Structure formats: structure tokens, C-alpha cells
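>>> give me a 3D structure for the following:
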Amino acid sequence: MARVAKLVEVEKKRDYIVRGTAANGQIRCFAITSRETVEEAKQRHGTSPVMTAALGRLLSAGAMMGAMMKGEKDLLTLQIQGDGPGRGLTVTADAFGNVKGYPQNPCVLLPANERGKLDVGGAMGKGVLTVIQDIGLKEPYSGQVELVSGEIAEDLTYYFAASEQTPSSVALGVLMNKDNTVAEAGGYIIQLMPGTEERVIASLEDKLTQIAPVTTLLHEGLTPEGILQKILGDFSLNLAEEKIPVRFYCNCSKERVSKALISLGKKELKQMIEDREPIEVNCHFCNTSYAFSPAEMQEMYEEM
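This is a model prediction of the structure:
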């Protein structure tokens, strides 16, 4: 019995995305629980509570938007650049729930906003949101909008409307424990398809005004399926059976970093060798460092 209970607990904690449709295909929807992913990002980057919330929201959004892509090699990048103390965030995701990201300034400390919440908008300030979709075309598709609030969910809602002409409702949240660990994290994206009936739009808008914040729903024990059922249960919700597992994943390695060093050219590499000092290269996304001795760099130089 103890083993069964432990397996159930592990399953409950796993991060995943569910997706579906409602109102006979007039609505499509995504929801995610991402506590473990956000906690790993926090540990890797040593983020303060407000920056954990900021990065966690963008990671959750990136994972869901990645799930919208269809190609195996498709990649999505979300970038926020702001004039606030946090300066910016970068997140990259694929179509399989693999997501990674980093903050430009992980250690921002700010008082709570007027609602008593972590002031993500204050950390980001004014700036721009850029969405880059590399879907195998000659040039990646790129869309950019000004930040509406810096709170990320509102900014993505505006992006979908302005750049993709898709009316959307985006909700994202990260709830922190007093010991600076992540208590809950997740969100949802609900979108109207072209030709949606006015009565469906009005009814959905009314429903969304009644829904509690996403962290409240998660804290109450609702799963991603439960959240979508709560919002869209009256719209003939149809959820896909497949859950997309989500994880913080970076594909960096010492071999990939060595190729990057070689790409600098023989002149740069020779200068590093002549300095006779080991060098350390850090991956922004996962904060992993790779050390190279002068002997290793000499081998790379000879290979060139």
C-alpha cells in the first residue's frame, strides 16, 4: 500500500499540459501545471520570489505555446525586454513539453504591488514582448508588441490579438511558499477560432469574469483538466486523451560548447591557448558551467 501511495503522489506532482476544444470547435484551450519545472528553474538561477514568478509565468506560457506547434523540429522563443530592474526574460520551448529559460537579473527584490501580490510588472517595467517561431521556413516568424502591463499574461493576451488576430484569454500564476520554494505554478490559454458565434463569445466572457486566479484554482487542488472543466464545462468541452509531460530541459553539453568555441575561429582560440589559463563557459539557459583546460583547447585548435 505504501508503494502505491508513493506512486500516486509522484504522478500527482508531475507537470503536464492538457489541450482540447469546446463549443463544437469554436474554442480551443490549453492548461498546464508546472510547479516542478518552475522550482527547477528557480534552483538553477537562484531567483528571488518576484523573478521566480516572472520566469515561471513565461515558462508556463512557453510550454503551452510550444504545444500549439506541429513540427518535430519547431521551436518557440519568448523574449521580454524591459526597463525595470529585472531587465528581461528569455524562454525557449518545443512541441513536446521541453522548456528552458533564464532571467537577465535573477535577484530583484521589490515590495508587493497594490494588490498584495508579487510585483512582476514592476520588475519588468516598460518594454517589448517578442515571439519567434522557427517552424522550418526560410526565416523564422517573428512578432513583437509593447508590454501592456509587464505581468506577462496580459502581454500575451495582447500579442495574440495584435499579431495573430486570435482573441485569447491567458492566465498565468506562480504561488510561492514563505521559504521561497514554489507552492503552485501553471496557467491556461483559451482562444476563439474564426467565425465563433456572438452568443458563445458573450457567454465565455461572462464565465471568465467569475473565475478565480489560476494559483487559487491550483491551490484548491484543481488539475489542468479541472480548470478547463470549470471554465468550459458548459461549452461541451472535449479534452484530448494525451497529456503532454512538461520538464525544464536544456540540450547544452560540453561537446556543443566546444563546437561553439571552435566557431570563434583559429585566431581567437589561439589567443586563449597562449593565455595559458583554463576558461569557463556558462550556459545562460540552465546555468551550467563547462571548463576547458589549455590542453583541451590545444586539441580543438589542432583539429581545426
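>>> so Gly56 is in which element?
Here Gly56, judged by DSSP states H and E, is contained in helix 49-66.
>>> please export the C-alpha coordinates of that helix as CSV.
Presented in CSV, the C-alpha positions along helix 49-66 are these (Å, rounded to 0.1, in the frame of the first residue of the first chain):
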residue,chain,number,x,y,z
PRO,A,49,10.5,35.4,-5.4
VAL,A,50,9.4,38.1,-7.9
MET,A,51,11.8,36.8,-10.6
THR,A,52,10.7,33.2,-9.9
ALA,A,53,7.1,34.4,-10.5
ALA,A,54,8.1,36.2,-13.7
LEU,A,55,10.2,33.4,-15.1
GLY,A,56,7.7,30.8,-14.0
ARG,A,57,4.8,32.6,-15.8
LEU,A,58,6.8,32.8,-19.0
LEU,A,59,7.9,29.2,-18.8
SER,A,60,4.3,28.1,-18.4
ALA,A,61,3.2,30.2,-21.3
GLY,A,62,6.1,29.0,-23.5
ALA,A,63,5.3,25.3,-22.8
MET,A,64,1.7,25.8,-23.8
MET,A,65,2.5,27.8,-26.9
GLY,A,66,5.1,25.2,-27.8
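>>> which SSE is immediately downstream of the helix or strand of the chain with the lowest mean pLDDT?
Ranked by mean pLDDT, DSSP states H and E, the weakest helix or strand in the chain is helix 2-13, scoring a mean of 44. Downstream of helix 2-13, the first helix or strand assigned by DSSP H and E is strand 16-22.
>>> now do that next one: which elements does it pack against?
Using 3 or more C-beta pairs under 8 Å, 6 or more residues apart in numbering; DSSP states H and E as the contact test, the elements touching strand 16-22 are strand 27-33, helix 224-232, strand 238-239, strand 244-245. (Each C-beta comes from the backbone N, C-alpha and C, glycine too.)
>>> just the strands in the stretch 101-250 of the chain please.
Secondary structure of the stretch 101-250 of the chain (DSSP state E, counting those that start in this stretch): strands located at 127-134, 141-146, 168-176, 182-192, 238-239, 244-245, 247-248.
>>> nearest to Glu220, out of the ones you listed?
Glu220 sits nearest to strand 182-192 of all the strands of the stretch 101-250 of the chain, at 9.6 Å, using C-beta to C-beta.
>>> how far off centre is the closest one?
A distance of 11 Å separates the centroid of the chain from that of strand 182-192, by C-alpha atoms, centre = their mean, to the nearest Å.
>>> before we move on, what about stretch 280-290?
Counting by C-alpha atoms, centre = their mean, stretch 280-290 comes out at 19 Å from the chain centroid.
>>> ok, stretch 256-270 next?
Its chain's C-alpha centre and that of stretch 256-270 lie 31 Å apart, by C-alpha atoms, centre = their mean.
>>> one more: stretch 249-257?
Averaging C-alpha positions (C-alpha atoms, centre = their mean) puts stretch 249-257 19 Å from its chain's average.
>>> kindly report the same for stretch 93-107.
Relative to its parent chain, stretch 93-107 has a centroid offset of 5 Å by C-alpha atoms, centre = their mean.
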